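[1] got a sequence here, can you model it:
(one chain, ligands or ions: 1)
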Amino acid sequence: MHLRLTEEQKMVQETIRKFVEKELIPLEPEVLRNEIQGKPSLSKEKLKELVNKAKAAGFWGINTPEEYGGANLGQMMQAIVIMETSKSFVPFQFGGSADNILYYANEEQKQKYLIPTIEGTKKSCFAMTEPAAGSDTQRIRMTAVKDGNEWVLNGEKTFITGGNEADFVMAIAITDKELHQSSRGREGVTCFIVDREMGWKSEYIHTMGEWGASKFSFRSSPCSRRKYLRRIA
Ligand SMILES: Cc1cc2nc3c(=O)[nH]c(=O)nc-3n(C[C@H](O)[C@H](O)[C@H](O)COP(=O)(O)OP(=O)(O)OC[C@H]3O[C@@H](n4cnc5c(N)ncnc54)[C@H](O)[C@@H]3O)c2cc1C
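    Numbering: from 1, shown residues only. Have a look, this model is predicted:
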């Protein structure tokens, strides 16, 4: 099948191509140096600078619904953007999007977490994988136990993309052990939004390619009840 690009798509392709050539490719030696030294590939300041340039060029929220300030340009445009940015190994993505799960949050949570994530002022990460639980969610061990008005989280998460930079995590924890066992891991778990200030610690996992993996430790991290996001069916 031959896919012909529309004039608009060609224009976007050309603009992104120029952005990659001018802004990303020159950063490659710095990224390599940082990776060899075990540092994040891009410093927070550099990342912020790129984000501002991307916003100024109008590439923000490419596939985010318009009601949340996105451009909602569709899959084809997204594919064009990914094809062009993949020409550099600098790990930069045009932001303005958020994990799907945040769109199911309540209004207060949307204002506090979804909107700032889309705007790029907050960074999120999603944490399900644990040292002994990958594909098999029955093996999740992180617990969330209610203590008065708070939920207290205990456990470990690993291989979490962007975890070291995140301001908050959406962490999957067991809230009903029996149900979790009897439903073979499909129920009895809840996704909690936990701000970093609430006490969780993250640590880089050094990999050959830099994609921001990290591991977490929740040791009695309190998580207030109003941060409850939703039960995963
Ligand atoms: C680049 C990258 C980014 C990631 N980012 C995140 C993130 O942001 N958040 C997060 O929570 N996790 C993240 N992960 C972790 C990822 O979700 C897990 O690697 C994935 O769930 C697989 O788990 P595992 O590596 O433990 O492999 P395993 O679960 O041990 O699986 C190994 C192999 O065994 C097979 N297998 C497993 N169980 C069964 C079974 N019961 N029957 C038959 N075959 C089976 C699997 O299909 C697979 O082929 C990331 C991983 C990578 C590589």
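
[2] tell me the confidence at the residue of the chain found nearest the ligand?
    Across the chain, no residue is closer to the ligand than Gly134, which sits at 2.0 Å (C-beta to the nearest ligand atom). For the C-beta atoms, the positions are set from N, CA and C on the backbone; glycine is no exception. pLDDT recorded at Gly134 is 91.

[3] just for the chain, where's the confidence low?
    Residues of the chain meeting the criterion pLDDT under 70: 1-2, 209-212, 220-233.

[4] kindly recompute the last result at 80.
    1-3, 35, 38-40, 149, 206-212, 219-233 (pLDDT under 80).

[5] the domain parsing of it - what is it?
    For the chain, automatic domain parsing gives the domain ranges 7-97, 124-231.

[6] would you turn the ones you listed into JSON lines with mean neighbour count?
    Below are these laid out as JSON lines (neighbours: other C-beta atoms under 10 Å):
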{"stretch": "domain 7-97", "mean neighbour count": "15"}
{"stretch": "domain 124-231", "mean neighbour count": "17"}
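
[7] now these in JSON lines, with distance to Gln111?
    Below are these laid out as JSON lines (distance: least, C-beta to C-beta, whole Å):
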{"stretch": "domain 7-97", "distance to Gln111": "11"}
{"stretch": "domain 124-231", "distance to Gln111": "13"}
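
[8] name the nearest residue to Gly74, sequence neighbours excluded.
    Asn63 (7.2 Å; C-beta to C-beta, 6 or more residues apart in numbering).

[9] please report phi then psi for the most centrally placed residue in the chain.
    By C-alpha atoms, centre = their mean, the mean C-alpha position of the chain lies nearest to Cys125, the distance being 3.9 Å. Per-residue torsions, Cys125: phi -150, psi 160 (degrees, to the nearest 10).

[10] quickly list what it is bridged to.
    Judged by DSSP bridges, the bridge partners of Cys125 are Val169.
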